[in-house]
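[1] for reference, the sequence and a predicted model appear below.
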Amino acid sequence: KELLLAGAAGGGGGNRDPAVAARLEKHRRMAAAAAVAELLDGGDVAETCARWRTVAGGLFLPGTLQQLSSETASVAAMAANLATSAGWRGVASLLDALSRELDAGA
């Protein structure tokens, strides 16, 4: 509750209290991760953005979520390559599947 009020009063991140700003940023990151997870579960991009916009910040638009999804796919692909080089075939397979699903527009 305090974070939502701080975000609303501070214009979405203009709060001068570093502790509140840091907590707000953690909540934004968590909301972004939850939004990507929702997309992976087959959620609609516009509905997902509307649901998580309050916590993630006012600039959380469908294009932002698609960019985040693309970046997540790139990180998953790099992690899959790392897992393959380490000999972790099961982990590499899961990360590769995640990367492909996100690339396909999950």
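    Yes, it's here.
[2] now do the SS call for G42.
    Here G42 takes the coil state, with states given by DSSP: H, G, I helix; E, B strand; the rest coil.
[3] by mean pLDDT, which helix or strand of the protein comes out lowest?
    Least confident helix or strand of the chain, by mean pLDDT, DSSP states H and E, is helix 2-9 with a mean of 38.
[4] let me know the secondary structure of the closest residue to A34 other than its chain neighbours.
    In this structure, A34 finds its nearest non-sequential neighbour in W52, 6.3 Å apart by Cβ to Cβ, 6 or more residues apart in numbering. To be clear about C-beta, it is placed using only N, CA and C from the backbone, and glycine gets the same treatment. Of the three states, W52 takes helix according to three-state DSSP.
[5] mind listing the strands for this protein?
    Applying DSSP state E to the chain gives no strands.
[6] which intervals of it have sub-threshold pLDDT?
    Residues of the chain meeting the criterion pLDDT under 70: 1-15, 57-61, 106.
[7] packing partners of the lengthiest helix in it?
    As assigned by DSSP state H, the longest helix anywhere in the chain is helix 62-86. In terms of contacts (3 or more Cβ pairs under 8 Å, 6 or more residues apart in numbering; DSSP states H and E), helix 62-86 is packed against helix 18-40, helix 45-56, helix 89-103.
[8] check which helices and strands the last one sits against.
    When you say that, I think you mean helix 89-103. helix 18-40, helix 62-86.
[9] separation between the residue of the chain positioned farthest from its centre and V36?
    Centroid-distance maximum for the chain: G87 at 27.9 Å, with Cα atoms, centre = their mean. Applying Cβ to Cβ, to the nearest Å, the value for G87 to V36 is 28 Å.
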